[in-house]
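In: Okay, sequence plus prediction incoming.
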Amino acid sequence: MATKAELEAELADLRKQLDESRANAARSEDAETSSTEVNTEAPSSEDSQPWEDNLSDLLEELDQIPHKNALLLGLGIFAVGFLLGRSK
């Protein structure tokens, strides 16, 4: 069984470790904010290009759904209508 003095020493050590970890976290947070503040320029058109490509790909796929999976589309529309009808 641990004595009171041993437990107090362990508690003091744990508190010291906690203070050190909090100080390290604060330093790393400060470093992150300073590095992000440097790059506050408006995004260029090169940065938005992947987003626009993904959007155009998604729209193309949505446009092709009725042609590729007509039966699945019909069943989906029926299910949505059925659920809306039963919701009242």
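Out: Structure received. Residues are numbered from 1 along each chain as shown.

In: shaky segments in the protein?
Out: Across the chain, the ranges flagged by pLDDT under 70 are 34-48.

In: domain assignment for it?
Out: For the chain, whose domains are defined here by automatic domain parsing, the residue ranges read 1-32, 59-88.

In: what about Leu59, distance to Ala2?
Out: When distance is defined by C-beta to C-beta, to the nearest Å, Leu59 is 67 Å away from Ala2. Placement of C-beta: from N, CA and C, glycine included.

In: typed the wrong thing, it's Lys16
Out: Counting by C-beta to C-beta, the gap between Lys16 and Ala2 amounts to 18 Å.

In: Output the domains of the chain in TSV, with mean neighbour count and distance to Gln49 appended to each entry.
Out: As requested, the domains of the chain are arranged in TSV below (neighbours: other C-beta atoms under 10 Å; distance: least, C-beta to C-beta, whole Å):
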stretch	mean neighbour count	distance to Gln49
domain 1-32	10	27
domain 59-88	10	16
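
In: wait, which of those is closest to Glu52?
Out: For Glu52, the closest of those is domain 59-88, at 10.6 Å, according to C-beta to C-beta.

In: Can you report phi and psi for Leu11?
Out: Backbone torsions of Leu11, given as degrees, to the nearest 10, read phi -60, psi -40.

In: should've said Gly74
Out: Backbone geometry at Gly74, expressed as degrees, to the nearest 10, gives phi -60, psi -40.
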